[in-house]
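S.K.: I would like to see how this sequence folds:
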Amino acid sequence: MTTKIQIIDCTIRDGGHLNKWQFEDNLVKASYFAAQKGQVDYFEIGYKNDPGKKGLGPFGYCDEKYINGLFKSSSDCKLLFMLDAGKYSGYKIPDRTKEPTPFTGVRVAAYPFEVKIAVDLAEQFHEAGYEVFMNLMASSEWSQQEFAVLKNWKQKNALKAVYFADSFGAYAPAEISELIGQLKALGFERIGFHAHNNLQMAFANTLHAITEGASYVDASIYGMGRGAGNLPIEILLSYLSKIGDKEYNVVPYLDVIERFFLPLFEKDPWGYSLRSLLGGIRNIHPYYIDELFNSHNYTIEEICNIAETVKEKCPISFSGEKLKNALEERFYVPTTSQAKEAIRSIEKELKAIPSKDAFSLDSLGMKDRHKGKKFLIIGNGPSIVKHEDKIKGLIKRLGLVTIGCNFLNSVYAPDYHIFVSKKRFLKYAATVSKKSILLVPSFFGKRLVQENYSGPVEYVQIDSIDDLNSSPIDGIRQQVKYLNVGVNAILTALQMGAQEIMAVGMDGYESEEQGKVVYFYNEKDVPDDKAAASLRYENMDIELKRVSDFLNDLGIPFSIITPTSHKKYFNNSILV
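M.R.: A predicted model of the protein is given here:
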């Protein structure tokens with residue numbers, strides 16, 4: 001690897017996202033002098049925003065007079081500012097050919113839809129005597145149409161380099177190679193790379209970019225930057241000094257970190273976090289993830305699911321309005337107190353309401369009947385049809401004991417078939433395979449069952465509780481707050497002595513068609529409205545977590561093995 005590259009210290013510009021560019025002057029001066037002593041080539045000191053925009057610190061405007069008052073910039077470490085192409089409104093920026101300025105260069109940052117604006121600005125700044133860098137933000141999202149604008153650009157030589165930014169920290173080295181190759185094919189000889197550290201890949205990706213021929217790379221002091229931050233410049237310089245032919249001096253940076261950046265980090269931390277990780281995994285703007293976390297409406301599993309919708313339906317740059325619209329279009333929305341009140345009738349279906357001839361069991365005949373066996377719960381989500389061959393192959397290969405739930409449309413003939421809703425039992429009892437043993441709760445009573453089903457039947461005892469801290473199993477009793485056939489099937493498998501429990505067809509809202517949930521059944525033959533479906537999902541999720549935690553304490557593995565929105569239980573390695 002060669003160290004004949006140019007390094008841009010972007011600490012103040014990128015780190016300013018954390019504090020609106022309100023840095024102390026002494027910190028900025030010390031940082032610049034560290035860069036100068038460290039033999040760093042460029043120092044990006046902030047943004048040039050519209051002077052009329054309120055609420056930013058001085059390094060959000062980069063006024064020439066203010067910067068000149070800090071220090072005299074050196075040609076050994078050139079000063080840059082960044083300008084956002086989509087936000088530039090024509091406010092005055094000095095012409096270097098006509099008036100003095102502390103700035104040697106400018107980086108024009110552009111999202112894909114701003115490429116034509118960026119090209120025009122690059123030409124203007126080049127004519128005004130600036131070294132011009134173009135920064136392709138969200139570079140993973142650029143289309144061939146947008147790259148074509150760059151390919152057909154006649155004045156590429158106006159650029160010192162074209163930069164591509166891993167804006168959401170989602171790149172792997174192979175993607176770095178691909179994009180550098182693509183930019184070279186467009187006619188660019190000098191290429192730069194700006195890494196983010198969401199997946200802890202900033203260092204590896206930057207080194208790979210250098211290996212692939214990048215001429216410029218970015219880094220920041222102590223990795224300071226929005227979200228997961230950037231590549232720490234002290235690491236980059238130390239490594240390049242160790243393996244290269246240029247001796248960078250990292251000590252001034254270490255001194256600045258100790259004096260300024262450690263206290264700053266304590267006050268307003270940055271770096272790797274759960275939020276930044278999710279942004280990197282889904283390759284979306286960090287502000288979307290922040291909004292979802294800050295709403296306090298969603299579990300981490302829900303945020304993972306919502307992020308997929310954000311990627312599909314929201315613009316690359318953050319839009320609160322588009323996020324709101326995307327959330328409203330989703331099947332699952334957080335249940336408000338008003339919505340709960342409007343669908344109070346649904347809760348009646350979630351309670352174990354006894355018939356007149358309901359009874360309690362004295363013993364459980366099926367207890368430990370299949371002790372040490374592996375069980376498969378067959379829900380009725382669309383995935384059981386899509387993956388039918390694999391599921392049936394797995395059942396045969398592992399000798400699984402199977403418990404089917406509700407309406408299976410004659411696709412499967414499970415060992416047991418369970419209902420916990422009287423309505424669904426009455427509607428679908430006739431579809432139960434003659435090879436299956438029917439399982440029903442004792443609160444159904446015997447008359448309802450005998451009048452509507454003639455095959456073999458066994459009873460389980462399911463009691464309603466109010467306290468979610470109660471054990472899901474108490475002796476021979478299953479205890480649930482929200483009645484759910486899948487959950488009760490899991491508990492029945494446990495009572496039968498299951499060594500491991502797997503489930504298929506617990507899709508949640510993984511399958512959607514034009515915004516409507518796909519069910520095999522619906523009592524009114526229409527999909528639930530969002531409020532009703534949301535409450536059902538919310539209650540199911542509560543019980544599923546409660547039972548999963550109980551199984552975990554017992555050392556019994558539980559997983560859903562077909563695609564599901566209940567992703568924390570999903571294991572995609574079994575059904576292969």
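
S.K.: Please make it C-alpha for all contacts and neighbour counts, starting now.
M.R.: Will do.

S.K.: What's the end-to-end length of stretch 422-440?
M.R.: 9 Å (C-alpha to C-alpha, to the nearest Å).

S.K.: Looks to me like Ile8 is in a strand.
M.R.: Yes. Ile8 sits within a strand when classified using DSSP: H, G, I helix; E, B strand; the rest coil.

S.K.: Determine the set of other helices and strands touching the longest helix along the chain.
M.R.: Of all segments of type helix in the chain, defined using DSSP state H, the longest is helix 530-554. Helices and strands touching helix 530-554, by 3 or more C-alpha pairs under 8 Å, 6 or more residues apart in numbering; DSSP states H and E, are helix 337-342, helix 485-495, strand 558-560.

S.K.: now with 10 Å?
M.R.: If contacts are counted by 3 or more C-alpha pairs under 10 Å, 6 or more residues apart in numbering; DSSP states H and E, helix 530-554 sits against helix 337-342, helix 344-349, strand 477-480, helix 485-495, strand 516-517, strand 558-560.

S.K.: tell me the mean pLDDT for the third one?
M.R.: Meaning strand 477-480. Throughout strand 477-480, pLDDT has a mean value of 94.

S.K.: Using CSV, list the CA coordinates for stretch 551-558.
M.R.: Extracted in CSV, the C-alpha atoms of stretch 551-558 (Å, rounded to 0.1, in the frame of the first residue of the first chain):
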residue,chain,number,x,y,z
LEU,A,551,-38.9,-21.0,27.5
ASN,A,552,-35.5,-19.4,27.6
ASP,A,553,-35.4,-19.7,31.4
LEU,A,554,-36.2,-23.4,31.0
GLY,A,555,-33.4,-23.8,28.5
ILE,A,556,-35.8,-24.7,25.7
PRO,A,557,-35.0,-23.1,22.3
PHE,A,558,-37.8,-21.4,20.5
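
S.K.: coming back round to it: confidence-wise, which of the helices and strands packed on helix 530-554 is weakest overall?
M.R.: strand 516-517 (a mean of 42).

S.K.: Show the contacting residues for Thr104.
M.R.: Thr104 is in contact with 42, 73-75, 77-81, 96, 129-132, counting by C-alpha atoms under 10 Å, 6 or more residues apart in numbering.

S.K.: Name only those of those residues that count as buried.
M.R.: 42, 73, 77-81, 96, 130-132 (16 or more other C-alpha atoms under 10 Å).

S.K.: Out of those residues, the closest to Thr564 would be?
M.R.: Of all these, Thr564 sits closest to Phe81, with 46.4 Å by C-alpha to C-alpha.

S.K.: Is my assumption valid that that closest one occupies a position in a strand?
M.R.: Yes. If the criterion is three-state DSSP, then Phe81 is within a strand.

S.K.: Test my guess that it contacts Gly105.
M.R.: Yes. The pair Phe81 and Gly105 qualifies as a contact (C-alpha atoms under 10 Å) at a distance of 6.9 Å.

S.K.: Could you name every residue contacting both of these two?
M.R.: By C-alpha under 10 Å, 6+ apart, the residues touching both Phe81 and Gly105 are 43-44.

S.K.: sorry, back to before: which member of the buried ones among the contacts of Thr104 is positioned nearest Leu231?
M.R.: Tyr42 (15.5 Å).

S.K.: Can you check the distance spanned by stretch 410-424, start to finish?
M.R.: 15 Å.

S.K.: do stretch 361-368 as well
M.R.: Rule used - C-alpha to C-alpha; the end-to-end distance of stretch 361-368 is 16 Å.

S.K.: Can you tell me which of the buried ones among the contacts of Thr104 end up in helices?
M.R.: Per DSSP H, the buried ones among the contacts of Thr104 never map to helices.

S.K.: Which of the residues you listed fall in strands?
M.R.: 42, 78-81, 131-132 (DSSP state E).

S.K.: all helices of the stretch 401-550 of the chain, in order?
M.R.: 422-428, 446-452, 485-495, 530-554 (DSSP state H, counting those that start in this stretch).

S.K.: Please identify the buried residues of the second one?
M.R.: Within helix 446-452, the residues scored as buried using 16+ other C-alpha under 10 Å are 446, 449.

S.K.: How about stretch 278-291?
M.R.: Here stretch 278-291 shows 278-289 as buried, counting by 16+ other C-alpha under 10 Å.

S.K.: quick one: average confidence on that stretch?
M.R.: Stretch 278-291 comes out at a mean pLDDT of 84.

S.K.: Send over that stretch as CSV, restricted to the C-alpha atoms.
M.R.: The C-alpha trace of stretch 278-291 is given here as CSV (Å, rounded to 0.1, in the frame of the first residue of the first chain):
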residue,chain,number,x,y,z
LEU,A,278,-29.5,0.0,12.4
GLY,A,279,-28.9,2.9,10.1
GLY,A,280,-25.9,1.2,8.6
ILE,A,281,-27.7,-2.2,8.3
ARG,A,282,-30.7,-0.6,6.5
ASN,A,283,-28.6,2.0,4.7
ILE,A,284,-30.8,4.9,5.6
HIS,A,285,-30.4,8.4,6.9
PRO,A,286,-29.6,8.5,10.6
TYR,A,287,-32.3,11.0,11.3
TYR,A,288,-35.0,8.5,10.3
ILE,A,289,-33.6,6.1,13.0
ASP,A,290,-33.4,8.9,15.5
GLU,A,291,-37.1,9.9,14.9
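
S.K.: picking up where we left off before, could you let me know which of the contacts of Thr104 ends up closest to Lys568?
M.R.: Using C-alpha to C-alpha, the contacts of Thr104 come closest to Lys568 at Phe81, 43.7 Å.

S.K.: any idea how far that closest one is from Ile67?
M.R.: Taking C-alpha to C-alpha, one finds Phe81 at 11 Å from Ile67.

S.K.: Please apply the same query to Asp84.
M.R.: 19 Å.
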